[in-house]
Structure formats: structure tokens, C-alpha cells
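Novice: Output the structure for:
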Amino acid sequence: MDWQKTLHSWQERISQELDSVVDFWLRHSHDKEYGGFFTCLDQTGKVYDDLKYVWLQGRQVWMYSRLYRKVPRFRRPELLQAAKAGGEFLLRYARVAPPSQKCAFVLTRDGRPVKIQRTIFSECFYVLGLDELGRATGESHYQREALSMMEAIVHWVREDSSELGRPQLAGAVPHDSMAVPMMLLNLVDQLSEGDVEVANRFKDLDNWSAERILSHLQRNGAAVLENVSEDGKELPGCLGRQQNPGKK
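Specialist: Predicted coordinates:
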């Protein structure tokens, strides 16, 4: 049937594109001197900025590890070694002032902190990368660190956000951003894969996140809004009109 040929054609194209993308990053993004990855690359692979963004370090560790673990043709030693180099860079440098769990947003090439964001997202990608690396390598200390960071994230979101450094200002409109429950749901899915104990540990968070996400479905299901009021209603003005196409 024609639709079967079309699907097969797209599968082949996606596979080829994935091979091309992975080859590009393997050839151009690895920092063999300091560890971690260069992510500010032009189309030829030239590094135009050697700053290292923790979001992207965590994402690359996750992607290499997931490909190694899940896709047979990527079960290649160099891919796993690169993931480990990225994971070790995160362990050494991402947390800016241990024992605090807060991670930098961006680091210098050699791991010195440049900027901290007052959000949870550097920490979220830290969790994703290290947990998947632990699964790919079988080295449990990566997953233990990921779980420890997850507990800090949950504490900041549901109990006390003061360590994020976000003062409650008088003119700010109270609201809920879909980015937070979306990321938490992603983390629960990652951490609980094949682990009933962890799944049960975060079951309440799982349900809370799903309920919060559904509150962003507005206008009789016609719009997914990034921000809603704390009781799940549409907000006026620019804040309430924002949509993020990456989350639809």
C-alpha cells in the first residue's frame, strides 16, 4: 500500500538524519581537554563560543546514553565514553556551591560558573542526563546523584522556593507556568523506568504534574497556554496570551 511505502520512506530518512546529526556532534562538539561539550557550533562545526550551558550538557549526556542503551547501531564505545566525560563534567562543575544543590545555568570552558538562573531547569537536565548515564553504564552513583537532585527540585517547587532566589514582588501576577509540571512529569518518567519503588515514591508528584498540565488546556480545548492563574484560569494581557509551540 502507498501509505506503507510512505512510512518506510520517512523511517529511512529519519534514520539517515539521525546518523548525520550524531556524526556531526561526535566530530565537533567534544572538549577533550576539559570534558563536556561545545554546543555553540556553526554549520561547519566551528566553535564560535566555548561557554557551556548546563541544559545542553545534560541533554547531550542523555541523548548519547539513550542512543547507546536503546538503539543497537549506536552501541559504540566512543559514544558511551563521551557520555561519561559529559557526566563527569556535570558532577565536577554544575553545582555552584555544594552542599547546595543549585546548578549554574552556564559555565566557562573549564567549569567556572558564569550565571545562575532562578529556575529549576538546569537541575532538571542534570537529573535527566545522569540518570540515563547510570542506566547505560550500570554505574549506580550517577542515578543516586540524580535522585538526590530530584528531591531538591521537588522541595523547591512544592515546599520552599527560597533557595531559587526568587523574591515575591508586590507587582508580580501570581501564575503557574506549564514548563514546571511538564518537566517534573518528564523527570518522573525518566527516573521510574523499570523501578516500581521510585514510581511509587513519586506517584503523587506524577498525578500533581498531570493535573497542572491539563489546567493549561484552555478555550474549550482550542489552546494550550503557557501561563494560567494559580486556580487554572486564563490570564489577561501578554502573560496569558503566551503559547510555546514546543509543548503542544
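Novice: When you work out contacts or count neighbours from here on, use the C-alpha atoms and nothing else.
Specialist: Fine.
Novice: and residue 179, how many neighbours?
Specialist: Other residues within reach of residue 179, judged by other C-alpha atoms under 10 Å, total 15.
Novice: ugh, typo on my part, it should be residue 141
Specialist: Residue 141 has 13 neighbouring residues, counting by other C-alpha under 10 Å.
Novice: likewise residue 186?
Specialist: Counted with other C-alpha under 10 Å, the neighbours of residue 186 add up to 15.
Novice: Helix or strand: which one has it?
Specialist: Here residue 186 sits within helix 179-191, counting by DSSP states H and E.
Novice: Identify each buried residue in that helix, please.
Specialist: Using 16 or more other C-alpha atoms under 10 Å as the test for burial, helix 179-191 gives 180, 181, 183, 184, 185, 187, 188, 189, 190, 191.
Novice: Mind picking the two most distant members of those residues?
Specialist: Farthest-apart pair in the buried residues of helix 179-191 is 180 and 191; separation 16.5 Å (C-alpha to C-alpha).
Novice: thinking again about what came up before, and the helix holding residue 186, C-alpha only, in CSV?
Specialist: Below are the C-alpha coordinates for helix 179-191, written out as CSV (Å, rounded to 0.1, in the frame of the first residue of the first chain):
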residue,chain,number,x,y,z
ALA,A,179,7.1,24.4,32.0
VAL,A,180,7.4,23.3,35.6
PRO,A,181,4.9,20.4,35.7
MET,A,182,5.9,19.4,32.2
MET,A,183,9.5,19.0,33.3
LEU,A,184,8.6,17.3,36.5
LEU,A,185,6.4,14.7,34.6
ASN,A,186,9.3,14.1,32.3
LEU,A,187,11.7,13.5,35.2
VAL,A,188,9.3,11.1,36.9
ASP,A,189,9.0,9.2,33.7
GLN,A,190,12.8,9.0,33.4
LEU,A,191,13.5,8.1,37.0
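Novice: just use 164 as the starting number from now, easier for me
Specialist: That works, and once the first residue is 164, the last one we named lands at helix 342-354.
Novice: Okay, now stretch 202-214: how far is its last residue from its first?
Specialist: Terminal residues of stretch 202-214 are spaced 8 Å apart (C-alpha to C-alpha, to the nearest Å).
Novice: returning to that earlier point: so what touches the helix holding residue 349?
Specialist: Helix 342-354 is contacted by residues 283-284, 287, 290-291, 294-295, 310, 313, 361-362, 365, 368-369, 371-373, 375-376, 389 when judged by C-alpha atoms under 8 Å, 6 or more residues apart in numbering.
Novice: out of those residues, which are inside helices?
Specialist: Among the contacts of helix 342-354, the ones falling in helices (DSSP state H) are 284, 287, 290-291, 294-295, 310, 313, 361-362, 368-369, 371-373, 375-376.
Novice: List buried residues within those.
Specialist: Here, 16+ other C-alpha under 10 Å leaves 284, 287, 290-291, 294-295, 310, 313, 362, 368-369, 372, 375-376 buried among these.
Novice: what's across from residue 340 in the sheet?
Specialist: In this entry, residue 340 is beta-bridged to residue 390, by DSSP bridges.
Novice: Please report the distance of it from residue 264.
Specialist: 22 Å.
Novice: Equivalent analysis for residue 308, please.
Specialist: Separation of residue 308 from residue 264 (C-alpha to C-alpha): 10 Å.
Novice: list the buried ones in the longest helix along the chain?
Specialist: In the chain, taking DSSP H as the definition, the longest helix is helix 165-191. For helix 165-191, a neighbour-count test (16+ other C-alpha under 10 Å) marks 188, 191 as buried.
Novice: ok, residues contacting the next helix-or-strand element following that helix?
Specialist: Heading C-terminal from helix 165-191, the first helix or strand you meet, by DSSP H and E, is strand 203-204. Applying C-alpha under 8 Å, 6+ apart, the external contacts of strand 203-204 come out as 191, 192, 210, 211, 212, 213, 214.
Novice: Give me the buried subset of those residues.
Specialist: 191, 192, 213, 214.
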